[in-house]
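Participant: My questions are about this predicted structure, shown below with the sequence.
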Amino acid sequence: MIILYRLGFLALLLAGWTAASELISRNLVPTPLATLAAAQRLFAEGRLWVAIGDSLTVYGLGFGLAAAVAIPIGVAMGTIRPLGKMLDIYVNALAATPRVAFIPLIIVLLGLGVQAKVFIVFLGAAMPILLNTYAGVLAADDELAEMARSLGTSRRRIFTRITIPSAVPFIVVGLRIGATIGLINTVVAELYTAVRGLGGLLAIYGNTFRMAEYFVIVLILATVGIVVTELLHHVQRRLERWRGEAAN
């Protein structure tokens with residue numbers, strides 16, 4: 001039923017899109033058919049495949065690095081309470097600072113290549129992952145941990161059976177938010193640094209008012225976001241099963 005509802009809503013969106021293209025100048029809002037024709041042309045030229053590869057490389061490296069760094073730091077902050085209290089204010093300050101403010105400094109230090117783009121994506125994705133991991137570890141049941149400790153359970157077992165399973169839902173939420181922000185920062189990085197990838201095509205087609213091609217890039221970015229979100233949903237379901245097994 002959910003699939004049917006989604007297909008019905010998609011049909012409604014397409015109908016609204018078609019109506020908007022009729023009511024507004026087609027130079028601004030192309031029809032779905034014109035967008036489909038533009039997509040076929042761009043894929044046939046091969047340029048779009050290269051752009052998708054460039055963007056996915058930057059996005060994957062930045063998001064993967066953010067997860068690899070932010071999750072252990074968040075776990076450490078939540079497990080070692082003095083460390084968490086010491087770093088909390090600085091982490092929140094960094095999270096509240098717009099990432100765009102760091103781009104000129106990043107360009108000066110790392111140049112206009114892939115390294116700079118990956119670091120911009122990393123900065124955007126890391127903060128929500130770190131903060132949610134930290135919150136998840138703090139949300140672990142202290143009474144349950146104390147009860148296990150009184151029964152002689154080792155710290156390692158408490159950590160793997162109580163603390164981490166309790167933090168799993170928070171970590172997954174952080175990953176989903178980080179994935180979304182990381183994708184946005186991928187486009188931002190490609191606009192501010194060397195104009196390549198999907199962000200570069202977005203700038204080129206937007207500046208030249210080639211709106212059918214522009215809509216193709218927007219839809220591809222939306223598709224990437226959907227695929228990543230669904231993959232994380234799948235990971236969440238598997239982790240929930242592991243969490244249930246760990247609790248037993």
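Facilitator: Noted; the coordinates are in hand.
Participant: Mean confidence (pLDDT) on the strand or helix carrying Ile226, please.
Facilitator: Element membership of Ile226, judged by DSSP states H and E, is helix 211-247. The average pLDDT within helix 211-247 is 81.
Participant: shaky segments in this structure?
Facilitator: 25-26, 141-154, 158-160, 194, 242-248 (pLDDT under 70).
Participant: Now do the strands in the protein.
Facilitator: For the chain, no strands are identified by DSSP state E.
Participant: got the buried residues for the helix holding Ile226?
Facilitator: Residues 211-218, 220-221, 224, 228, 232, 236, 239, 243 are the ones in helix 211-247 that count as buried (16 or more other CB atoms under 10 Å). C-beta here means a position set from N, CA and C on the backbone, and glycine is covered the same way.
Participant: repeat for stretch 95-105
Facilitator: Neighbour-count burial for stretch 95-105 [16+ other CB under 10 Å]: Arg99, Phe102, Ile103.
Participant: Redo those as a markdown table? Include distance to Phe170.
Facilitator: Below are the buried residues of stretch 95-105 laid out as a markdown table (distance: CB to CB, whole Å):
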| residue | distance to Phe170 |
| --- | --- |
| Arg99 | 22 |
| Phe102 | 26 |
| Ile103 | 29 |
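Participant: Which of these sits closest to Arg155?
Facilitator: Distance to Arg155 across those (CB to CB) is lowest for Arg99, with 36.8 Å.
Participant: shouldn't that closest one be in contact with Val121?
Facilitator: No. Look at Arg99 against Val121 with CB atoms under 8 Å: they stay out of range, at 9.2 Å.
Participant: Report the set of residues contacting both of these two.
Facilitator: Asn185 (CB atoms under 8 Å, 6 or more residues apart in numbering).
Participant: what residue is smack in the middle of the chain?
Facilitator: Taking CA atoms, centre = their mean, the centroid of the chain lies closest to Ala179, which sits 1.0 Å from it.
Participant: List the contacts of it.
Facilitator: With CB under 8 Å, 6+ apart, Ala179 has these contacts: Phe63, Ala125, Gly225, Val228, Thr229, Leu232.
Participant: those helices in this protein, which residues are they?
Facilitator: In the chain, the helices defined using DSSP state H lie at 2-23, 32-45, 47-79, 81-96, 103-110, 114-138, 142-150, 155-158, 164-192, 197-207, 211-247.
Participant: Burial-wise, tell me which of the ones you listed comes out on top.
Facilitator: helix 114-138 (a mean of 24; mean count of other CB atoms under 10 Å).
Participant: these two touch, right, Thr57 and Lys117?
Facilitator: No. Look at Thr57 against Lys117 with CB under 8 Å: they stay out of range, at 9.1 Å.
Participant: which residues sit against stretch 220-229?
Facilitator: Leu48, Ile52, Ser55, Leu56, Tyr59, Arg176, Ala179, Thr180, Leu183, Val187, Leu198.
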